[in-house]
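Trainee: For reference, the sequence and a predicted model appear below.
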Amino acid sequence: MYTVAVVASFRAIAAAGLNNPEDAEWYWSVATSLFPKFRGSNLGVYGVAGETVMRIDASRPCVPPEHIAGGNLKPPKVIRNPMPRYPRHAVETGIAEPITVQVTITEHGATRCPRVVETHDDPSLVWVVLEAMKDWRFEPATVDGKPVPVTINQTVDFKIHYD
């Protein structure tokens, strides 16, 4: 998973350099969830983009929203959830496993703050799941009709079907 975390951290720096804060936050969340020691790294050697990524932890920490007290919670509803492509090498080598990711659904229905909860350590499956989830959209959860952020667990189960 370390290698996936390294790739994600460089994607975060690239996104920050391209002035795409949402992608920078997503990829930095991936990197630090897979390898928490990256948090607090000195990325200043990568210039303004690296410094921007360093500020993500301080400005928008990925902390699951607290349970909403009272009110009538209506859970988020999937609008778009493109499924990941099963990596060819995984099919050819018989790798099949569920990947569970905890993700926050914002009050706007976007996904953010991914954290891998369960995997059997196949990095290619983890990567394709996270890449797909980045584009998932939801009708946001609501409490008494008002949109609220919630954290959910989503599982994508890769299975090989032999015909």
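Mentor: Ah, there it is.
Trainee: quick one, phi/psi of the residue most central in space within the chain?
Mentor: To find the centre residue of the chain, average its C-alpha atoms and take the closest one (C-alpha atoms, centre = their mean): that gives residue 114, at 2.7 Å. Backbone geometry at residue 114, expressed as degrees, to the nearest 10, gives phi -70, psi 140.
Trainee: Same question for residue 39.
Mentor: Per-residue torsions, residue 39: phi -60, psi 130 (degrees, to the nearest 10).
Trainee: before we move on, which element is the nearest residue to it once chain neighbours are set aside in?
Mentor: Closest residue to residue 39 in three dimensions, ignoring its sequence neighbours and counting by C-beta to C-beta, 6 or more residues apart in numbering: residue 32, at 4.8 Å. Using the backbone N, CA and C atoms, a C-beta is placed for each residue, glycine as well. In this structure, residue 32 is located in helix 21-34 according to DSSP states H and E.
Trainee: which secondary structure elements does that helix contact?
Mentor: helix 2-17, helix 47-59, strand 111-118 (3 or more C-beta pairs under 8 Å, 6 or more residues apart in numbering; DSSP states H and E).
Trainee: per-domain residue ranges of the chain.
Mentor: 2-59, 73-157 (automatic domain parsing).
Trainee: Now mean pLDDT too, for the ones you listed, in TSV please.
Mentor: Putting the domains of the chain into TSV (pLDDT from 0 to 100) gives the following:
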stretch	mean pLDDT
domain 2-59	90
domain 73-157	90
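Trainee: picking that back up, orientation of the helix holding residue 32 relative to helix 47-59 in degrees?
Mentor: Orientation check (axes from the mean of the first three to the mean of the last three C-alpha atoms, to 10 degrees): helix 21-34 against helix 47-59 gives 70 degrees.
Trainee: For stretch 8-16, list every residue counted as buried.
Mentor: Within stretch 8-16, the residues that qualify as buried by neighbour count (16 or more other C-beta atoms under 10 Å) are 8-9, 11-16.
Trainee: distance of the residue nearest to the centre of the chain from residue 152?
Mentor: Between residue 114 and residue 152 the computed distance is 11 Å (C-beta to C-beta, to the nearest Å).
Trainee: and for those two, which residues touch both?
Mentor: Taking C-beta atoms under 8 Å, 6 or more residues apart in numbering as the criterion, residue 114 and residue 152 both touch 102-103.
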